[in-house]
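Asker: build me a structure from this.
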Amino acid sequence: MPEPTAVTEPIPGTGIDADSATIASLAAALASGQVTAQALTTFYLSRIERLDMLLHSVISVSGDALAQAQASDTARASGAAPGPLAGIPVLVKDNIAARGLPATAGSPALAGAESGDAYCVGRLRQAGAVILGKTNLSEWANFRSSHPTSGWSTLGGQAANPHALDRNPSGSSSGSGVAVAASLVPVAVGTETDGSIVCPASACGIVGLKPTLGLVSRSGIVPVALSQDTAGPMTRRVADAAALLSALAGPDPADPATTAAAGQPAGYTAFLDADALVGARIGVWRDGFETAGRSTAALADAAVAVLTGRGATLVDPVELPGAAGISEPEFSALLTEFRHDLNVYLAALPGEHPATLAELIGYNTEHAASVLARFGQEVFERAEATGGDLADPGYRAARAQASRLARAALDGPLHQHRLDAIVTLTASPAWLTDYHLGDHDVFHTSGPAAVAGYPAISVPAGGVSGLPVGLTFMGPAWSEPRLIALAYAFEQAADARLRPALAASCPPPAAAGPRPRG
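Answerer: Okay, the predicted model is just below:
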C-alpha cells in the first residue's frame, strides 16, 4: 500500500501510472481487458480515501459509482459499442447537479436540494463516463465575500494545493484542479465566471479550458451570472481536455445560449496537431502580467522561445486596448445578475433550501459560527441591495460597457495583426492560504476572454519555486479548434508540467521554465 503522500502509483494490471494516465491510455486498457471499469473506479476511490485527507478536494463520492462502473463492464461484455468515455471516472464541481448528488455550491444551505443530472452531466453519462463524485470549490463560486479565501467551503473545508499544502489552489474550481493534479481522478469538470477554470488550472499545474459562452449548457448549474458562466474541462493533458469537451459540448433546448453550439464540431480531438505552431501568428500580452516578479515573468520569455522555435510568428508585445477598464463595470453588472439569476434558479429548485438570496443571507447569518467562520458575505449583501432588475438602466449600461471593452480588447489586436491567438501568463504562482487577509494573488489575466464570452485554455508553462504557472491561449468566439491545436503543440514542445510533491511547503526559490524538445 503506498504511503499517503505518494503522488505516483501504478494502476493494477495496466502498466499505467496514475500521474500519466490519459483518457486514451485508460480507454485502451479497458478495451483490451487489462482493467475493468469497476477495478478502475475502485482504484480511484481508494486514492481519494487515502490522499484527500491532505487535499480536501472532494466534497462527496457517488454512492452508485461502482454500480455505474459495473453497468459499463456489463455493456462492454455484451458487445455494445462503448462511448468515448466508457468506464472513465470523472469528478464534477459541486455547483453542478448530478443524480443523487445535489449541487450545494459548498454550502449546507443547499444540502437539501433535489435534482437530477445537469444537462452537461447527462452528456457525460451518454458518453459512458462514471460520475465518481463532487469536487470542493470556493463556496458560492467565490462570489460571497470581498475578502474570500479561495478553495474553502463550509461543506468541503480548505482545499490545499498539491504542490505545497500551505499554498492556495486558487478558485473557484479549486477542488477540480487539485483532484486532477494529484491524480485522484483522470479528468474533472469545473465552471468559470471569470478565472475559475483557468486560474486553478494554472495554480495546480494542469490544463483548464474555458469554452465559448454557449458551447456547454448551464442547465443544472448554480449560477453566478448567466452572461459569463460556463462549465469546462480540467485535465492533465490538452488531448484529454479536447476529449472531455467533446462530451460536454452541445445544444440544450433548455439553454437558449447554446443554440449556436449546434453548428460547432462534433468532437475536438481531431484538432490535436503537434505542428500547429508552424506558420501561426500569435500576439503576446505582457501588460497582463506586468506586476509579476522576475522569475515568473521569465516563464513568459521561455514560452515565447518555444513558440518561435516551433515556427510561430509573434507580435510581441501586443496591447489589449481598454482591458484595464473591464473589471469595474463587470463587477457592477455581476452583482445585479447574481441576485436575478440565483433567485430564478432557487425558485425552480426542488427540495428544502432558502428560496431567495435574501433568505440565503438570513441562513448564513443564523449559521454564522460555521458558514461565516472564515469570511463574510459582503458580496451577497451588495447583490441583494441592487434589486436584481435586468431592465435597470444602470445595470444595462454597466453590462454593455464591460462587454464592449472586453470584446474590443481582443477583437482589435486579433484583427489588426491577423492573429490566430493571444497568449499571456495565466496567473501568479500560488499564494499562502490566509484566513486573515484572504486571497492575495499578484495578477490574473482571465478577464478579457471571460467577459467577452470567448474561449481560453491554460497550459502548464513551468514553475517558480516548485509552484506552477500556466500560459493562456485566447481567441475569438468558437475558436476552440484552433486554440486546442496551438495549446497542444505548445504542450508537446514545452513539456512543462510539474508533478505534484504533496510537500508541506514549497522549496527555496528557483525558476524552471519549459524544456524544449529537440
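
Asker: all strands for the stretch 1-150 of the chain, in order.
Answerer: Along the stretch 1-150 of the chain, counting by DSSP state E, counting those that start in this stretch, strands occupy 10-11, 16-17, 58-61, 89-93, 130-135.

Asker: contacts for the lengthiest helix in the chain, please.
Answerer: The longest helix of the chain (DSSP state H) is helix 393-416. Identification of contacts with helix 393-416 by C-beta atoms under 8 Å, 6 or more residues apart in numbering yields 227, 283, 315, 318-323, 325-326, 329-330, 332-333, 336-337, 386, 389-390, 419, 422, 447-454, 474-476. Using the backbone N, CA and C atoms, a C-beta is placed for each residue, glycine as well.

Asker: just the helices from the stretch 401-518 of the chain, written as ranges.
Answerer: Assigned by DSSP state H, counting those that start in this stretch, the helices in the stretch 401-518 of the chain fall at 447-452, 480-494.

Asker: extract the CA atoms of the last one and return them as CSV.
Answerer: Only the C-alpha atoms of helix 480-494 are listed here, as CSV (Å, rounded to 0.1, in the frame of the first residue of the first chain):
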residue,chain,number,x,y,z
GLU,A,480,-11.7,26.2,-29.7
PRO,A,481,-10.4,24.0,-32.6
ARG,A,482,-7.6,26.4,-33.3
LEU,A,483,-6.8,27.1,-29.6
ILE,A,484,-6.7,23.4,-28.8
ALA,A,485,-4.3,22.8,-31.7
LEU,A,486,-2.0,25.6,-30.7
ALA,A,487,-2.1,24.7,-27.0
TYR,A,488,-1.4,21.0,-27.8
ALA,A,489,1.6,22.0,-30.0
PHE,A,490,3.0,24.1,-27.2
GLU,A,491,2.4,21.4,-24.6
GLN,A,492,4.2,18.8,-26.7
ALA,A,493,7.2,21.1,-27.3
ALA,A,494,7.5,22.6,-23.9
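
Asker: neighbours of G15, just the number please.
Answerer: 10 (other C-beta atoms under 10 Å).

Asker: identify the residues contacting it.
Answerer: Going by C-beta under 8 Å, 6+ apart, G15 touches Q34.

Asker: what does the spatially most central residue of the chain show for phi and psi?
Answerer: The chain has I197 as the residue nearest its centroid, 2.5 Å off, counting by C-alpha atoms, centre = their mean. Backbone torsions for I197, taken as degrees, to the nearest 10, come to phi -100, psi -50.

Asker: quick one on the thing from earlier: and the contacts of helix 393-416, which of them are in strands?
Answerer: Using DSSP state E, the subset of these located in strands is G283, V315, I422, M474.

Asker: now do the third one against S176, distance only.
Answerer: For I422, the distance to S176 (C-beta to C-beta, to the nearest Å) stands at 25 Å.

Asker: cool, A80 as well?
Answerer: For A80 relative to S176 (C-beta to C-beta), the value is 30 Å.

Asker: compare the two and say which is more crowded by neighbours.
Answerer: The neighbour count for A80 versus S176, taken as other C-beta under 10 Å, is higher for S176 (39 against 12).

Asker: who does the host helix or strand of the more buried one touch, helix- and strand-wise?
Answerer: Following DSSP states H and E, one finds S176 within helix 174-181. Here helix 174-181 touches helix 37-55, strand 58-61, strand 89-93, strand 130-135, strand 187-192, helix 198-204, strand 230-235, going by 3 or more C-beta pairs under 8 Å, 6 or more residues apart in numbering; DSSP states H and E.

Asker: so which of these is the most packed in?
Answerer: Among the helices and strands packed on helix 174-181, helix 198-204 has the highest mean neighbour count (mean count of other C-beta atoms under 10 Å), at a mean of 35.

Asker: lovely, talk soon.
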